[in-house]
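Participant: Sequence and predicted structure are below.
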Protein chains: 2
Amino acid sequence: MPQRYSEDEIIARVFAPIAGAAALGLKDDAALLAPEGAQLVVTTDMLVAGVHFFPDDDPSLIAKKALRVNLSDLAAKGAEPIGVLLALALPADWTNVWLEAFAAGFGEDGRAYNAPLIGGDTAATPGPLTISITALGRTQRFVPRTGARPGDAIFVSGPIGDAALGLALRRDAALAARLSPEARDYLIGRYLLPQPRLDLARWLSANASAAMDISDGLAGDLAKLCGASGVSAAIELAAAPLSAAAREAIAIDPALFETAITGGDDYEILIAAGGEAALPEPACRIGRIEAGNAPPRFLDVHKKPVFFKKLSFQHF
Amino acid sequence: MPQRYSEDEIIARVFAPIAGAAALGLKDDAALLAPEGAQLVVTTDMLVAGVHFFPDDDPSLIAKKALRVNLSDLAAKGAEPIGVLLALALPADWTNVWLEAFAAGFGEDGRAYNAPLIGGDTAATPGPLTISITALGRTQRFVPRTGARPGDAIFVSGPIGDAALGLALRRDAALAARLSPEARDYLIGRYLLPQPRLDLARWLSANASAAMDISDGLAGDLAKLCGASGVSAAIELAAAPLSAAAREAIAIDPALFETAITGGDDYEILIAAGGEAALPEPACRIGRIEAGNAPPRFLDVHKKPVFFKKLSFQHF
């Protein structure tokens, strides 16, 4: 068995070096914050090995994905990160090498996104690696799920379906072999490493009437946003932005279009905004909010409704 | 297989009814807070079935324990709760009945301690039930681990060792059979259901130079507090408060005294405070902070040092 840190050593040697000021050196049981004149936004997401990622994925990428899905929630609420707490249940076979690579990735992204580690907890588990992150952010105005109004334009912040297709390729080697290496690498990369759209946080805070990050698929998450806002929507599927790699995959197997629209793990932002709101590329206008309580309609190029087998990913 | 809620139903039917205002009805991806003129304290603790509690324990007690160990951290920092986030990885055999009992306990304690649910996440796990809670609190002055000064008196907020003895009784039926039913029930109850000392938060904020909650045993946690403060300490073991039930157990097997002092799960507060600070019963003065970097000394009635095999519980 490899040499392994004790619980105290994990904190002092692995995590304290990547911790931010509010963490008080990770020598305490809690972090201390004093946000000045801003709204405070708090969100949490839990990731389980074998469910949200492959257990033998690069630990630095696992750490970054776990962090980024939380930062994505902050971005969608119009908030900029203050810091994050990391609770980690380590499986029986963890090693120092694994843990240090995990912490290196976590620290790297923490610096890149101004989201320092400010607290956490470690525990042993007889089950799979389990990562629970809580992210805190500040905003001048929280962008709710509930604020979409009839007439609002609906945007997505970037290409849809890449991550769901990347996952499909990882699960189906025969399918993966039919794509160009560039398309394959791009799609798998988008699954492994989402890009939280923190660059849009200020724009959203100033302009969006409602927003959420797309974690469970565009179709299902739009239904959630409409449900929370008490509105309906019409989406022109032809307007949904697809990457060149996604188009290549869909050309090989047209059924993958539904995977792209309903699959999840996009971590782009779904946005409702009124008036003349215009978002920079690669954001894309895909439809509009309508009055009523009907489920959102997805329309093909002939304005005919398209029905999906399953709107989104569900754990249960 | 019993009927089970979908992921959305879990949120809407089980957790939304126990959520606080900052949760925005759990219809959003994040909670919104605006603490007024106070320091904000954030802490997280993760509990794993089979590690921190028995998987077949009453779900309402599991929920309360998971919540209370986090509230205990707030109390030790001199903070009063604002709200909590709950991330829950549910094992393959979860049922609606189990989940509703869990939420009922969580909601009951949330009301009792003014610690409403303000957000969370649910996931499926092939492993054991895993609960990760993040608690937010406010204080006028954060009580650090690092502030103990030579000459400070050392207090504990109440009886030490009850929970560790309760756990020992659950693991050793022969031992448990030798105790009176009252002592057995009391000690096991203290293991199942810690009492976060939020009643002391204001006193600590105003008076303590350093504090932490005792989760891994008095001896080891004192060593941590001294290490963080750069001081040493002397403890009179005869002054350590023991409940009548703990004394009964130790009379049966004197080796259990070491279990009581080093065992953990107390969730009483270890406090260093200067001057004429006096705490109400059942708090108890047990020693004082000394200068230097030596490990804390534990002294018997003859002022002779006592050495323990293992200072505290460690996961790894």
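Facilitator: Ah, there it is.
Participant: Show me what the one helix or strand A:Ile131 maps to is packed up against.
Facilitator: For A:Ile131, the host element (DSSP states H and E) is strand A:130-139. Contacts defined by 3 or more C-beta pairs under 8 Å, 6 or more residues apart in numbering or on different chains; DSSP states H and E place strand A:130-139 against strand A:39-48, helix A:59-76, strand A:80-90, strand B:39-48, strand B:80-90, strand B:130-139. Where C-beta positions appear, they are placed from N, C-alpha and C, glycine not excepted.
Participant: do that again at 6 Å, thanks
Facilitator: When contacts are defined as 3 or more C-beta pairs under 6 Å, 6 or more residues apart in numbering or on different chains; DSSP states H and E, strand A:130-139 packs onto strand A:39-48, helix A:59-76, strand A:80-90, strand B:80-90, strand B:130-139.
Participant: Rebuild those as CSV, extending it with distance to B:Pro305, mean pLDDT and mean neighbour count.
Facilitator: Shown next, in CSV, are those (distance: least, C-beta to C-beta, whole Å; pLDDT from 0 to 100; neighbours: other C-beta atoms under 10 Å in any protein chain shown):
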stretch, distance to B:Pro305, mean pLDDT, mean neighbour count
strand A:39-48, 45, 93, 26
helix A:59-76, 43, 96, 26
strand A:80-90, 35, 95, 26
strand B:80-90, 39, 95, 26
strand B:130-139, 36, 96, 28
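Participant: quick one on the thing from earlier: neighbouring strands - and their directions - for the helix or strand following the strand holding A:Ile131?
Facilitator: Once strand A:130-139 ends, the next helix or strand along the chain (criterion: DSSP H and E) is strand A:153-156. Sheet pairing of strand A:153-156 (DSSP bridges) gives strand A:269-273 (antiparallel), strand A:284-290 (antiparallel).
Participant: hey, which of these is tucked in deepest?
Facilitator: The highest mean neighbour count among these, using mean count of other C-beta atoms under 10 Å in any protein chain shown, belongs to strand A:269-273: a mean of 28.
Participant: Report the angle between that strand and helix A:59-76.
Facilitator: Angle, strand A:269-273 to helix A:59-76, by axes from the mean of the first three to the mean of the last three C-alpha atoms, to 10 degrees: 10 degrees.
Participant: mind listing what the residue lying closest to A:Leu71 once chain neighbours are set aside touches?
Facilitator: In space, and not counting its chain neighbours, A:Leu71 is closest to A:Pro196: 3.9 Å by C-beta to C-beta, 6 or more residues apart in numbering or on different chains. Under the criterion of C-beta atoms under 6 Å, 6 or more residues apart in numbering or on different chains, the neighbours of A:Pro196 are A:68, A:71-72, A:75.
Participant: Can you tell me which of these lies closest to A:Ile82?
Facilitator: Nearest to A:Ile82 among those is A:Leu71, at 11.1 Å by C-beta to C-beta.
Participant: Distance to B:Ala240 added to the helices and strands packed on strand A:130-139, as JSON lines?
Facilitator: As requested, the helices and strands packed on strand A:130-139 are exported to JSON lines (distance: least, C-beta to C-beta, whole Å):
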{"stretch": "strand A:39-48", "distance to B:Ala240": "37"}
{"stretch": "helix A:59-76", "distance to B:Ala240": "41"}
{"stretch": "strand A:80-90", "distance to B:Ala240": "31"}
{"stretch": "strand B:80-90", "distance to B:Ala240": "28"}
{"stretch": "strand B:130-139", "distance to B:Ala240": "28"}
